[in-house]
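A.B. asks: build me a model:
(one chain, ligands or ions: 2)
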Amino acid sequence: MTDIVRLAALSDIHYSKSSQGSLQPLFTQIAEAADVLLLGGDLTDYGLPEEARILAKDLAPVKIPVVAVLGNHDYEAGEEKELSRILTDVGVHILDGDTWEYHNVGFAGVRGFCGGFGRGALGPWGEKIIKDFVHEAVQEALKLESALARLKADHRIVLLHYAPIRATVEGEPPEIFPFLGSSRLEDPISRFDVTAVFHGHAHKGAPEGRTQTGIPVFNVAHAVLKANYPDQPPYRLFEVRNAPPNEQSVTPIGDRRYHGRRATDRDDSDTKIANPSPS
Ligand SMILES: [Fe+2]
Ligand SMILES: [Fe+2]
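C.D. replies: Numbering: from 1, shown residues only. Ligands and ions are numbered 1, 2, ... in the order given. Purely as a prediction, here's the structure:
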């Protein structure tokens, strides 16, 4: 068994029709530095099969396992099944309530959903459409719980698109926080004592936070990494130590401090207040 598993994490690459080759050098670099690449959704910009085929072409030479969830952009064209098929064909493990294991590290992934955090979370009350909206978040949390329950590995890694905590969306306009994630996703993460959580979607959010039980949560949206670690390539690298388990079993590698730069200092995000869920 491998003592250390190196995870590279990145999200919201938003591949478009003109993206051919744009991240291939980065993918090659990641394949040399890591054992597994995690992609946290918004793989494509408009959810078009053509965009997925371009991404698949760039990922095809990557010889390490790639584990991914879809994001809201990947659903935009209603072609999410075709997107999954195209990426699965080049070996990407698409998780939608599914699990995947690698050298005693287990991965559970769902897209997640929105609805807000803590006391501000939307409740299933009143109109049917509100109940349906909340039901989607509850279902995603249940899918995550079921996946975590099936994992046998000592280390459990959760991959999401939407944020499970408020801390990693801080920096976004507060008006759109409810559209950036749901604390319903936090419950199964805490219950199964997850090692670390990776997500994206909040392009102007903060790179790190913790659940109420202290589990580290990393927002690895491409724009967040570029803004907070401008001197580093836009992915994060983590070591998961297999033996013996200790308090800090997931360690970020390299000089990737949070520089404290605020979202208002930059203009490179596609999050728009007028359309509250484009991230
Ligand atoms: Fe998104
Ligand atoms: Fe995004």
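
A.B. asks: in the stretch 101-250 of the chain, what residue is nearest ligand 1?
C.D. replies: For the stretch 101-250 of the chain, the residue closest to ligand 1 is H201, as judged by Cβ to the ion, at 3.8 Å. In short, each C-beta sits where N, CA and C put it, glycine included.

A.B. asks: got the contact list for that residue?
C.D. replies: With contacts defined as Cβ atoms under 8 Å, 6 or more residues apart in numbering, the neighbours of H201 are 11-12, 40-42, 71-72, 161-163, 180-181, 221, 279.

A.B. asks: what's the per-residue pLDDT of H259 here?
C.D. replies: The model reports H259 with a pLDDT of 33.

A.B. asks: surely L87 is within a strand?
C.D. replies: No. Using DSSP: H, G, I helix; E, B strand; the rest coil, the secondary structure at L87 is helix, not a strand.

A.B. asks: okay, and the residue lying closest to R184 once chain neighbours are set aside sits in which element?
C.D. replies: Using Cβ to Cβ, 6 or more residues apart in numbering and skipping residues adjacent in sequence, the residue nearest R184 is A141, 4.4 Å away. Applying DSSP states H and E as the criterion places A141 in helix 128-150.

A.B. asks: partners of the next helix or strand after that helix in the sheet?
C.D. replies: Next helix or strand after helix 128-150 toward the C-terminus (DSSP H and E): strand 155-159. Within its sheet, strand 155-159 is paired with strand 105-109 (parallel), strand 196-199 (parallel), according to DSSP bridges.

A.B. asks: I'd like the ones you listed as CSV, with distance to ligand 1 appended.
C.D. replies: Listed next are the strands paired with strand 155-159 as CSV, based on distance: least, Cβ to the ion, whole Å:
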stretch, distance to ligand 1
strand 105-109, 15
strand 196-199, 10
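
A.B. asks: so which of those is nearest ligand 2?
C.D. replies: Of those, nearest to ligand 2 by Cβ to the ion is strand 196-199, at 10.7 Å.

A.B. asks: what's the next secondary structure element after the closest one?
C.D. replies: By DSSP H and E, the next helix or strand past strand 196-199 is strand 208-210.

A.B. asks: mean confidence score for that next one?
C.D. replies: pLDDT averaged over strand 208-210 gives 98.

A.B. asks: read off the pLDDT value for the residue nearest to R184.
C.D. replies: According to the model, A141 carries a pLDDT of 98.

A.B. asks: repeat for P61
C.D. replies: P61 is assigned 87 on the pLDDT scale.

A.B. asks: equivalent analysis for the one 5 residues further on, please.
C.D. replies: If you check V66, the pLDDT there is 98.

A.B. asks: the stretch 151-279 of the chain: strands as residue ranges?
C.D. replies: Assigned by DSSP state E, counting those that start in this stretch, the stretch 151-279 of the chain shows strands spanning 155-159, 196-199, 208-210, 216-219, 236-241, 250-252.

A.B. asks: make a markdown table out of those and add mean neighbour count and distance to ligand 2.
C.D. replies: Formatted as a markdown table, these follow (neighbours: other Cβ atoms under 10 Å; distance: least, Cβ to the ion, whole Å):
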| stretch | mean neighbour count | distance to ligand 2 |
| --- | --- | --- |
| strand 155-159 | 26 | 15 |
| strand 196-199 | 27 | 11 |
| strand 208-210 | 17 | 18 |
| strand 216-219 | 25 | 11 |
| strand 236-241 | 22 | 16 |
| strand 250-252 | 16 | 22 |
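
A.B. asks: out of these, which gets nearest to L59?
C.D. replies: For those, proximity to L59 was assessed by Cβ to Cβ; strand 155-159 is nearest, at 16.0 Å.

A.B. asks: which stretches of the stretch 101-250 of the chain have low pLDDT?
C.D. replies: Scanning the stretch 101-250 of the chain for pLDDT under 70 picks out the ranges 243-249.
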